[in-house]
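> Predicted model and sequence below, questions to follow.
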Amino acid sequence: MTVETHITFKDFLNFNFKNSLPRLIIFSLIILVFLGLNLYNTEYDIREIFRSAVIWLLIVVVFMMVRSYFRLKNAFYSNKKIQEKISYTFTEEKIHTTGETFDGEFTWKTVHRVKENKDWFLIYQSKTTMNMIPKKYFTKDQIRELRNLVQKNNVKAKLRND
């Protein structure tokens, strides 16, 4: 089975923001608690304390989002391979990848794990290195076929059931 893909900056940005959202929420709540405790110990009115804490929280969240945007933009545009049209050929034994400037393959035995979410297949070659494959380029039959290949090869995986 062969699938032709092309990841845009918008795809890359949406993927990273969706995956970072839980961390952003937890971090924001921790900051809010610390600001609340710190301001609670002062002699300000309680409404003024929470107003100040919310303002600081919003400033920090906006700063983190803007910083993340520029960090992701730099990461995307500095990686020429991720911007290319990539063809993935999945067989019983291996995965063959072909881009405009590269050609490679790896066996299912070397895959660390596969993770599927609503919009992506993530094929990890190590704990930190992965191939990001948008599911929008797959047909429903191809999605089922890829899931079957992963299961047949006993790859550690977190796959969806739909």
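Everything's here; your move. Numbers count the residues shown, from 1 in each chain.

> and Thr2, what does it touch?
Shown in contact with Thr2 (C-beta atoms under 8 Å, 6 or more residues apart in numbering): 87-90. Using the backbone N, CA and C atoms, a C-beta is placed for each residue, glycine as well.

> what about Asn161, neighbour count?
Asn161 has 5 neighbours, counted by other C-beta atoms under 10 Å.

> if we can go back for a sec, sitting in helices, which of the contacts of Thr2 do you find?
With helices taken from DSSP state H, there is no overlap with these.

> ok, of these, which one's closest to Phe102?
Checking those against Phe102 by C-beta to C-beta gives Ser87 as the nearest, at 10.9 Å.

> what secondary structure does Thr101 sit in?
coil (DSSP: H, G, I helix; E, B strand; the rest coil).

> That one and Arg160, how far apart?
Distance from Thr101 to Arg160, counting by C-beta to C-beta, to the nearest Å: 32 Å.

> returning to that earlier point: any chance of a ChimeraX selection covering the buried ones in the contacts of Thr2?
Per 16 or more other C-beta atoms under 10 Å, the buried members of these correspond to this ChimeraX selection:
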select :88,90
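
> now the contacts of Thr2 in JSON lines, with distance to Gln142?
As requested, those are exported to JSON lines (distance: C-beta to C-beta, whole Å):
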{"residue": "Ser87", "distance to Gln142": "13"}
{"residue": "Tyr88", "distance to Gln142": "10"}
{"residue": "Thr89", "distance to Gln142": "12"}
{"residue": "Phe90", "distance to Gln142": "9"}
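
> and which of the contacts of Thr2 is nearest Arg67?
Looking across the contacts of Thr2 and measuring by C-beta to C-beta, the closest to Arg67 is Tyr88, at 32.2 Å.

> How about the secondary structure of the residue lying closest to that closest one once chain neighbours are set aside?
In space, and not counting its chain neighbours, Tyr88 is closest to Val3: 5.0 Å by C-beta to C-beta, 6 or more residues apart in numbering. With three-state DSSP as the basis, the three-state label of Val3 is strand.

> Tell me how many other residues surround Val3.
19.
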